[in-house]
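Asker: Sequence and predicted model, in that order:
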Amino acid sequence: MPTSAPAPTTTTPPVRLVGEGTPIWGMTSAERLVRMCARAGLDDVAAWDGIAPVNDSCLVISADHVYAQVLLGDLARQVGTVLTSEGRPVAAHVAADRAADVAQDIADGVLSRATDLAQVEPEALSTAYDEKLRKRELPYVMPLTLATVRAVEQRTFAGSYKGVTDFVTLYCWPKPAIAVVRWCAKMRITPNMVTSLSLVLVLAAMWLFWNGFFITGLISAWLMTFLDTVDGKLARVTVTSTKFGNVFDHGIDLIHPPFWYWAWVVGVVATVDTPPDLTWAFWITVVGYVLQRVQEGIFIKAFNMEMHIWRRFDSLYRLVVARRNPNLALLTVFALVGLPAEGLIAVALWTAVSLVLHSVQIAQAAKATKPLTSWLDR
């Protein structure tokens, strides 16, 4: 049992790694921990050499385990704390003169020299709610060995997935995506390379739609949406996300849908014998797409929360809201039965419905008790 409470700290301690670990996601365990520590603002990372660094405190971390990112940042703020996993010491933030004690305890797998320190399990150290990924998930520590590496990769991949997203991304892409992410990591393919290929597919789909090749265009579009899942997951599991990559990826996501709808209208006019007037459908779809983005921004600005994580209904609605993937699903169904014009009309009508529902959500939030809290954080 701990005999002293952890003390908060604002300094940036050095990090020393104990053990070798097993390669994961195409890199060594130490390499991945270095990247994770950098994300937590911890830049001085080296293997434990038996010599305590000349600092007030030090983080000692087992390289034979894999950690949720949030744990490293939270542990760095708590001096006098040993992180345990099912009672086994796996990491600690201690005064520098205690580094040797905890390093030996971590290597032995038994807390015997540092029993006076506060001991916490992952769920006691860090919150279970990840605001960035819009989901509730207990922070984890997992042993990393040749026998467990497959399960660890599955767990870290699942941890990289957004909890609130559309039904295609949530239910269709995970299994094929983890195989492609694993291959990309092994081949040292970067997330920006994947995003660049996504951009090529965006342009290919637009050209195909423009010329009336709706089915082949949809194949290109769906491949692009798949790679849009792959690049983000690859960046998270390999800890290689960058500001440029984030802007590159999200910039493409934000801009391309209206151009696809425009190209779809041109393709219908060029290939359908007596095409209906799709001007109204096009403008409802495009203007509605922009207004939905504006509505989501208003919700964040007004209530300090994303619209689709407020209530359970809002998260369920996000599965089918009139965004790219659900709209592509509608276009695909109608194109497969030879009704591309009607497909765009269906998208326009669903966009109009989504605009109304978003307006209702904003009105309900305005009348609700403040501040709003997400159902995922309860």
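Answerer: In hand now; what should we look at?

Asker: residues contacting the spatially closest residue to Met224 that is not a sequence neighbour?
Answerer: Computed as C-beta to C-beta, 6 or more residues apart in numbering, the closest residue to Met224 that is not its neighbour in sequence is Leu201, at 3.8 Å. C-beta coordinates here come from the backbone N, C-alpha and C atoms, glycine included. By C-beta atoms under 8 Å, 6 or more residues apart in numbering, the residues touching Leu201 are Ser220, Ala221, Leu223, Met224, Leu227.

Asker: so how far is Val18 from Leu201?
Answerer: 44 Å (C-beta to C-beta, to the nearest Å).

Asker: ok, now Ala99?
Answerer: Distance from Ala99 to Val18, by C-beta to C-beta: 10 Å.

Asker: overlap in contacts of those two?
Answerer: Trp48, Val60.

Asker: Look at these two and report which has more neighbours.
Answerer: Ala99 (26 against 23; other C-beta atoms under 10 Å).

Asker: In three-state terms, label the more buried one for me.
Answerer: Put simply, Ala99 is helix when judged by DSSP: H, G, I helix; E, B strand; the rest coil.

Asker: ditto for Leu199
Answerer: When the rule is three-state DSSP, Leu199 gets the label helix.

Asker: Pop the domain breakdown of the protein in here.
Answerer: 11-125, 160-377 (automatic domain parsing).

Asker: Kindly state which of those is positioned closest to Val149.
Answerer: domain 11-125 (5.3 Å; C-beta to C-beta).

Asker: tell me the mean pLDDT over that closest one?
Answerer: Domain 11-125 comes out with an average pLDDT of 94.

Asker: now swap in stretch 263-283 and tell me
Answerer: pLDDT averaged over stretch 263-283 gives 95.

Asker: Okay, helices next: where are they in this structure?
Answerer: All helices of the chain, identified by DSSP state H, fall at 29-39, 69-76, 99-108, 122-125, 149-159, 167, 174-186, 191-210, 214-237, 243-271, 279-303, 312-318, 324-336, 340-367.

Asker: With respect to Pro13, which of the ones you listed lies nearest?
Answerer: Taking C-beta to C-beta, helix 69-76 is the member of these nearest to Pro13, at 6.4 Å.

Asker: Flag every buried residue along that closest one.
Answerer: Gln69, Val70, Leu71, Leu72, Asp74, Leu75, Ala76 (16 or more other C-beta atoms under 10 Å).

Asker: With stretch 79-99 instead?
Answerer: 79-85, 88-95, 98-99.

Asker: Also stretch 164-182?
Answerer: 164-166, 168-170, 172-173, 177-178, 180-182.

Asker: In a markdown table, list those along with pLDDT and distance to Leu42.
Answerer: Below are the buried residues of stretch 164-182 laid out as a markdown table (pLDDT from 0 to 100; distance: C-beta to C-beta, whole Å):
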| residue | pLDDT | distance to Leu42 |
| --- | --- | --- |
| Val164 | 89 | 30 |
| Thr165 | 93 | 30 |
| Asp166 | 95 | 35 |
| Val168 | 97 | 37 |
| Thr169 | 95 | 32 |
| Leu170 | 93 | 33 |
| Cys172 | 96 | 37 |
| Trp173 | 96 | 33 |
| Ala177 | 97 | 30 |
| Ile178 | 96 | 28 |
| Val180 | 98 | 31 |
| Val181 | 97 | 25 |
| Arg182 | 96 | 27 |
